[in-house]
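Engineer: Return atomic coordinates for the entry below.
(one chain, ligands or ions: 2)
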Amino acid sequence: MKLALTIAGSDSGGGAGIQADLKTFSAHGVFGMSVITSVTAQNTMGVLGIEDISPEMVLLQMKAVFEDLYPDAVKIGMVSNGEIIRAITEGLKKYEPEGVVLDPVMISKSGSHLLKPEAMEALKKELIPLSLVVTPNLMEAEALSGIKIKGKECMRDAAKRILALGAKTVVIKGGHLAGDALDIFYDGKDFYEMASERIVTQNTHGTGCTFSSAIAANLALGYTLLESVKRAKEYITGAIRYSLDIGHGVGPTNHFWNCRKYSSAHCPANNVRGHMYGFKTLCGH
Ligand SMILES: Nc1ncnc2c1ncn2[C@@H]1O[C@H](COP(=O)(O)OP(=O)(O)OP(=O)(O)O)[C@@H](O)[C@H]1O
Ligand SMILES: Cc1ncc(COP(=O)(O)O)c(N)n1
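Structural biologist: Numbers count the residues shown, from 1 in each chain. Ligands and ions are numbered 1, 2, ... in the order given. Below is the predicted model of the structure:
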């Protein structure tokens, strides 16, 4: 069994954060574990409140996981403040996991600050250099690189600047650009473009969380980094294509969409209630 760890915030609505990450790990047949950095009271409409976990408790959760169930890959999402970032950094330096995927979450789709602006420097200086791959969206890439991104060339320029911060590789997600959903992977030598057609839906809550945890799941399964990123792109595209129209706001990604390929155990056909909820999957159930 392969193991993956998410270090992130909890989303009570289940669409993003820890909940999206654990669902993604399960859909890949990977055993998921969590270190919770912050509890958010959240749903498809927005964030009602945020309560940060103490840095000591964050580090203790890491100790509990690493000293027993050592993960094959780690995804980091919402880190909230500088003290939590320093606790995570201490844990990463102590336990030295290999495949660290950093999703530099800053602001939720609904507009809440999930990273305190004063913690930006700690994210840049401490977490980025410890990551195998950093996966900013356009706004996050602008904040990290200091340049305005208007198109593909700017994405490449931003990727170079983010590498200069100490990142080993970077994927800039173009989900917020017009046209195809184009992501650019840069490893310091070559650029790889990954494009999919833009899916017209308002239900994109948790897309970034799902994408980064899918990269971590594939790394845990033993795929190379580039292969993991390509497979994660395929996974997120399906999870958006069949995203769920639930709640009253921005609905979440769907982790059942490709059940036969990733894990037949999670196919809704194995669960009568799946039909009642109307999950759509590519395997036709
Ligand atoms: N409408 C869409 N159609 C197809 N792919 C999309 C769409 N929106 C986003 N994506 C893809 O989803 C992945 C996540 O990108 P996105 O830019 O939405 O991340 P994000 O803003 O960090 O997400 P989040 O807001 O959940 O943190 C990328 O691979 C992106 O290309
Ligand atoms: C706990 C947590 N982590 C990450 C996100 C980002 O997701 P989105 O941008 O889709 O709101 C979120 N809303 N909540």
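Engineer: Check the gap between Glu98 and Val74 for me.
Structural biologist: 9 Å (C-beta to C-beta, to the nearest Å). Glycine gets a C-beta too; all of them are placed from N, C-alpha and C.
Engineer: For this protein, what lies in contact range of ligand 2?
Structural biologist: Applying C-beta under 6 Å from any ligand atom, we find that the chain lies next to ligand 2 at 8-9, 11, 16-17, 40, 42, 77-78, 105, 108-109, 114, 205-206, 208-209.
Engineer: which of Glu98 and Val74 has more neighbours?
Structural biologist: The neighbour comparison of Glu98 against Val74 (other C-beta atoms under 10 Å) goes to Val74, with 31 against 10.
Engineer: Now do the contacts for that one.
Structural biologist: 4-7, 92, 97, 99-101, 216 (C-beta atoms under 8 Å, 6 or more residues apart in numbering).
Engineer: ok, of those residues, which one's closest to ligand 2?
Structural biologist: Thr6 (10.0 Å; C-beta to the nearest ligand atom).
Engineer: Surely that closest one is in a strand?
Structural biologist: Yes - counting by DSSP: H, G, I helix; E, B strand; the rest coil, Thr6 is part of a strand.
Engineer: what's the distance between it and Thr89?
Structural biologist: Distance from Thr6 to Thr89, by C-beta to C-beta: 17 Å.
Engineer: just Asp11 next, same as before
Structural biologist: 24 Å.
Engineer: likewise Ala178?
Structural biologist: From Ala178 to Thr89 the distance is 37 Å (C-beta to C-beta).
Engineer: okay, those two: which has more neighbours?
Structural biologist: Thr89 (18 against 7).
Engineer: so the more buried one sits right up against Ile128, yeah?
Structural biologist: No - counting by C-beta atoms under 8 Å, Thr89 does not reach Ile128; the two are 10.5 Å apart.
Engineer: still on that earlier bit, of all pairs in the contacts of Val74, which one is the farthest apart?
Structural biologist: Ala4 and Leu92 (15.0 Å; C-beta to C-beta).
Engineer: Model confidence at Cys283, what's the number?
Structural biologist: Looking at Cys283, its pLDDT is 43.
Engineer: Quickly find the element holding Ala195.
Structural biologist: strand 191-196 (DSSP states H and E).
Engineer: tell me what that strand is packed against?
Structural biologist: Other elements packing on strand 191-196 under the criterion 3 or more C-beta pairs under 8 Å, 6 or more residues apart in numbering; DSSP states H and E are helix 152-164, strand 181-186, helix 225-241.
Engineer: And ligand 1, is the longest one touching that?
Structural biologist: Right, helix 225-241. Yes - against ligand 1, helix 225-241 shows contacts by C-beta under 6 Å from any ligand atom at 233, 236-237, 240.
Engineer: what mean pLDDT would you report for that helix?
Structural biologist: 96.
Engineer: And stretch 89-108, by the same measure?
Structural biologist: Here the average pLDDT along stretch 89-108 is 97.
Engineer: Quickly list the domain ranges of this structure.
Structural biologist: As assigned by automatic domain parsing, the chain contains the domains 3-253, 255-285.
Engineer: just the strands in the stretch 51-200 of the chain please.
Structural biologist: Along the stretch 51-200 of the chain, counting by DSSP state E, counting those that start in this stretch, strands occupy 73-76, 99-102, 133-134, 169-173, 181-186, 191-196.
Engineer: ok so, going back, would you mind finding the most buried of the domains of the chain?
Structural biologist: Comparing these by mean neighbour count (mean count of other C-beta atoms under 10 Å), domain 3-253 comes out on top with a mean of 20.
Engineer: who's in contact with Thr6?
Structural biologist: 18, 21-22, 25, 32-35, 74-77, 213, 216.
Engineer: want to try JSON lines for these, with distance to ligand 1 and secondary structure as columns?
Structural biologist: Output for the contacts of Thr6, formatted as JSON lines (distance: C-beta to the nearest ligand atom, whole Å; DSSP: H, G, I helix; E, B strand; the rest coil):
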{"residue": "Ile18", "distance to ligand 1": "13", "secondary structure": "helix"}
{"residue": "Asp21", "distance to ligand 1": "11", "secondary structure": "helix"}
{"residue": "Leu22", "distance to ligand 1": "15", "secondary structure": "helix"}
{"residue": "Phe25", "distance to ligand 1": "17", "secondary structure": "helix"}
{"residue": "Gly32", "distance to ligand 1": "18", "secondary structure": "strand"}
{"residue": "Met33", "distance to ligand 1": "21", "secondary structure": "strand"}
{"residue": "Ser34", "distance to ligand 1": "18", "secondary structure": "strand"}
{"residue": "Val35", "distance to ligand 1": "19", "secondary structure": "strand"}
{"residue": "Val74", "distance to ligand 1": "18", "secondary structure": "strand"}
{"residue": "Lys75", "distance to ligand 1": "13", "secondary structure": "strand"}
{"residue": "Ile76", "distance to ligand 1": "13", "secondary structure": "strand"}
{"residue": "Gly77", "distance to ligand 1": "8", "secondary structure": "coil"}
{"residue": "Ser213", "distance to ligand 1": "11", "secondary structure": "helix"}
{"residue": "Ala216", "distance to ligand 1": "14", "secondary structure": "helix"}
